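# got a structure for you, letters missing:
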């Protein structure tokens with residue numbers, strides 16, 4: 001099973017939070033549903049700016065411990081290395097799932113009179 005180490009931030013980039021999860025999409029939904037659980041209302045952690053994927057929990061836990069000890073400057077450097085514009089990566093993360101569940105509207109509705 002895949003494990004993820006991630007960094008989320010608020011809209012002003014004042015807080016950087018490192019986390020580890022097996023289901024990144026579900027974790028990010030939880031952050032959005034409970035915005036004031038970890039921080040005050042001004043620091044709603046809603047933007048995924050960095051994540052790494054690991055095959056085992058041991059690898060993810062080891063990396064989580066390392067990244068958690070990083071200073072703010074080191075965390076900013078790691079984010080900028082792959083996401084220089086600090087774009088919210090949540091949008092692209094669930095792209096395959098959105099396409100898979102989306103109903104395709106490629107059928108054309110023809111009036112019944114045309115077919116006779």
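Right, received. Where do you want to start? Quantities reported herein were computed from a predicted structural model and do not represent experimental measurements. Numbers count the residues shown, from 1 in each chain.
# mind listing the helices for the protein?
Using DSSP state H, the helices found in the chain span residues 24-33, 57-68, 72-82, 90-93, 95-101, 112-115.
# Can I get these in TSV including distance to residue 48 and mean neighbour count?
Bear in mind the C-beta positions are built from the backbone N, C-alpha and C, glycine included. Output for these, formatted as TSV (distance: least, CB to CB, whole Å; neighbours: other CB atoms under 10 Å):
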stretch	distance to residue 48	mean neighbour count
helix 24-33	6	15
helix 57-68	14	15
helix 72-82	10	13
helix 90-93	5	14
helix 95-101	13	9
helix 112-115	49	6
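# Any figure for the gap between the most centrally placed residue in the chain and residue 61?
In the chain, the centroid-proximal residue (CA atoms, centre = their mean) is residue 90; its distance is 3.8 Å. Going from residue 90 to residue 61 by CB to CB, to the nearest Å gives 23 Å.
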